[in-house]
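[1] Got a predicted structure plus its sequence, pasted below:
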Amino acid sequence: MTLLITSGLIIDPARNLEEPRDLLLEKGKVAALEPAGVIPKEGRKVIDAQGLVVAPGLIDMHVHLREPGEEYKETIETGTRAAAKGGFTGVACMPNTRPVNDNASITRYILDQAKAVGSARVYPVGAISMGSKGEALSEYADQKAAGAVAFSDDGWPVMNALLMRRALEYAKTFDMPVISHAEDLALRADGVMHEGKVSVRLGLKGIPAAAEEVMVYRDVRLARLTGARLHIAHVSTAGAVAIIREAKAAGVNVTAETAPHYFTLTDEAVVGFDTNAKVNPPLRSEWDRLAVIEGLADGTLDAVASDHAPHSVLEKDLEFAAAAFGLIGLETSLGLTLRLVHAGEITLRRAIALLSANPAAILRVPGGTLAPGSPADVTLIDLNREWTVDTAAFASRSRNCPFHGWTLKGKAVMTILGGKVVFKETN
Ligand code: DOR
Ligand code: ZN
C-alpha cells in the first residue's frame, strides 16, 4: 500500500526540517519527501494534510503496559491502542510486570505479544537486577539478544551504589543505557506526596525533593566514573534539573526525561485528595515546575515521557495514603506538551524533538525521523483542535488520569505505523 500525505507542514527535528512537503510512504518506509506537486498522485491513496503538522511517529520512552501479570490494569493490546490514539508509534515498557521482566523469555513474550496484537512498536526495558530487588545483576547479554533496549529497575531505585556501579559497567560493555529511577528510599520513608507547605496543610507525609536529588547526583557521579550511558527517568525537581545541567556541561554521558504532569501540575493538585494526583516522584512545587520547563527549553531535559502507569479502582479508590502511585498519560501527553508550545515556553520543533527524535536517539530505536528509508511511522497533528479529556473514552484499560474534564488544544488526528493507519480521529 502506498500513501501520499500532501500539503502538511513537515517537522523533522533530527534534520532541522520544518517546511511544507508531500510525504510518500511505500513498502513500510518513507520513500520520498518533496515540494508540493512533485510526487504524482495517480494510483496512490492521498491524505490531505493541509493545515496539519506531519511529524515522525511519536515515541514514549517510559510506559507501564502491565503485561504479563496485571492484565486487569492494562495489556499490550490496550496500552498500545492508547499509544496510537495519543499519536505514539513506539513505546518503551518498564520491567515492573509480574513477574519482573529480568530475563530473555519475558522480553520475548512481550515482543511476541506486541507483534500479535500491538498497535505500536514495543521496546522492552529489561531489569537491572533480578526481580528488581537491587541485590544481584540480571543477565544483560541474554536480555539484549532477546530485544531489550535498556536496563532499569523502574518503580524502585538501585539503593546499593556498588551494584549501580556494576550495572553501569556491565551495560557499558553492551553499549546499552541504564535508566535510573532516582529515589532514596530511606529519605522517601512513608511519604505519599511532595514535602512542603501543602503536605503540612493536608496532614500527609511528605517526600522531600532531596530524596530524588541525592540519587540523581549519585548516579551522575557513577556515570562519570564508569563512562556508561545513564538516563534519568521522570525528573521532577529544580535541584535534579540543576545537577543534570551541570553534569552535561562537564561532559558526563547523561540524558534525562520528564513527564507532562511535572510541567503541568503542582502539589496543589493533591488538595481534595484526588488519588489520581498521587504519583512517584510526587507532583512538586511551582518553583520545581518552572525549573522543569526551563530544563526542557534549554536542552537539559532531552525527552518527554508519560510514565503511563495504569491502576484500577482497586488500587486508587482508597484513602490517599493507601492508594497506589501512578497516573496514565499516553492519551494526554501530546496535548499537555503542546500547552507549552501555545504558551510560548518551547518551540513546536522542540516539542516534536522531545517526543520523537530524542527518545529514538537515546534508545537507538528506529524512527524519530522522516528521512527517506526510515520506517513509515508518522503522526498527523492538528495544533489548534480543542478537545476535552474524557477518561471514559480512553483506549487504556485504566482511568487514573488527573486531567479528566480538561480542555486541551492540539491533538494527534492520525497515527500511521509502518505505512498503515492505526488511528484516525473520527469526529
Ligand atoms: O508513580 C509511579 N508509578 N511511579 C513509579 O515509579 C512506578 C509507577 C507504577 O509502576 O505504577
Ligand atoms: Zn519510576
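    Looks like it came in fine. Ligands and ions are numbered 1, 2, ... in the order given.
[2] looking at this, A171 is in a helix?
    Yes - checked against DSSP: H, G, I helix; E, B strand; the rest coil, A171 lies within a helix.
[3] how about the nearest residue to it, chain neighbours excluded?
    V178 (4.9 Å; Cβ to Cβ, 6 or more residues apart in numbering). To be clear about C-beta, it is placed using only N, CA and C from the backbone, and glycine gets the same treatment.
[4] Mind jotting down where the helices sit in this protein?
    Assigned by DSSP state H, the helices in the chain fall at 76-85, 104-117, 140-146, 161-173, 185-188, 197-202, 209-226, 238-249, 260-264, 286-298, 313-316, 333-342, 348-352, 358-363.
[5] Highest mean neighbour count out of those helices?
    Between these, helix 76-85 has the highest mean count of neighbours, a mean of 26, where neighbours are mean count of other Cβ atoms under 10 Å.
[6] got the residues of the stretch 51-200 of the chain near ligand 2?
    D154, H181 (Cβ under 5 Å from the ion).
[7] try 8 Å
    Within the stretch 51-200 of the chain, the positions near ligand 2 by Cβ under 8 Å from the ion are H62, M94, S152, D154, G155, H181, E183.
[8] Against ligand 1, how distant is the last one?
    Counting by Cβ to the nearest ligand atom, to the nearest Å, the gap between E183 and ligand 1 amounts to 8 Å.
[9] I5 is nearest to which of the helices of the chain?
    Between I5 and the helices of the chain, the tightest spacing by Cβ to Cβ is seen for helix 348-352, at 15.8 Å.
[10] Mind listing residues that contact that closest one?
    Contacts to helix 348-352, defined as Cβ atoms under 8 Å, 6 or more residues apart in numbering, come from residues 11, 13, 18, 53, 55-56, 296-297, 304, 337-338, 340-341, 383.
[11] For the residues you listed, work out which two are farthest apart.
    Maximum distance among these (Cβ to Cβ): 20.6 Å, for P56 and A297.
[12] so where's the stretch 201-350 of the chain uncertain?
    Along the stretch 201-350 of the chain, the model assigns pLDDT under 70 to no residue.
[13] can you list the residues of it near ligand 1?
    Residues of the stretch 201-350 of the chain lying close to ligand 1 by Cβ under 6 Å from any ligand atom are V279, N280, A309, F325, G326.
[14] I figured the second one was touching E183, is that so?
    Yes - using Cβ atoms under 8 Å, N280 is in contact with E183, at 7.3 Å.
[15] Any idea which residue of the stretch 101-250 of the chain lies closest to ligand 1?
    Scanning the stretch 101-250 of the chain for the residue nearest ligand 1 gives G155, at 4.1 Å (criterion: Cβ to the nearest ligand atom).
[16] How about the contacts made by that residue?
    G155 neighbours (Cβ under 8 Å, 6+ apart): M94, N96, S132, H181.
[17] one more time with 6 Å, if that's ok
    Counting by Cβ atoms under 6 Å, 6 or more residues apart in numbering, G155 makes contact with N96.
[18] same deal with A324?
    H311, E315.
[19] if I pick the closest residue to ligand 2 within the chain, what's in contact with it?
    The minimum distance from the chain to ligand 2, using Cβ to the ion, falls at H181 (3.7 Å). Listed by Cβ under 6 Å, 6+ apart, the contact partners of H181 are D154, P157, A233.
[20] want to try CSV for the residues you listed, with neighbour count as columns?
    Below are the contacts of H181 laid out as CSV (neighbours: other Cβ atoms under 10 Å):
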residue, neighbour count
D154, 24
P157, 23
A233, 25
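[21] Find the centremost residue of the chain, please.
    When Cα atoms, centre = their mean is applied to the chain, the residue found nearest the centroid is A305 (2.1 Å).
[22] For that one, what are phi and psi?
    phi -130, psi 140 (degrees, to the nearest 10).
[23] show me the contacts for it.
    A305 neighbours (Cβ under 6 Å, 6+ apart): D60, M61, H62, E257.
[24] same question, M94
    Listed by Cβ under 6 Å, 6+ apart, the contact set of M94 reads H64, V125, D154.
[25] Quick check: P372 touching V30?
    Yes - shown here, P372 and V30 form a contact pair, counting by Cβ atoms under 6 Å, at 5.2 Å.
[26] between the two, who's got more neighbours?
    Ranked by neighbour count (other Cβ atoms under 10 Å), P372 and V30 place V30 first, with 23 against 14.
[27] mind listing what that one touches?
    V30 neighbours (Cβ under 6 Å, 6+ apart): L370, P372, S374, A376.
[28] so the closest residue to the first one other than its chain neighbours bridges to which residues?
    Right, L370. In space, and not counting its chain neighbours, L370 is closest to D12: 4.5 Å by Cβ to Cβ, 6+ apart. Here D12 sits in beta bridges with L17, as judged by DSSP bridges.
[29] how close does the residue lying closest to V365 once chain neighbours are set aside sit to V63?
    Counting by Cβ to Cβ, 6+ apart, Y123 is the residue found nearest to V365 once chain neighbours are left out, at 5.5 Å. Separation of Y123 from V63 (Cβ to Cβ, to the nearest Å): 10 Å.
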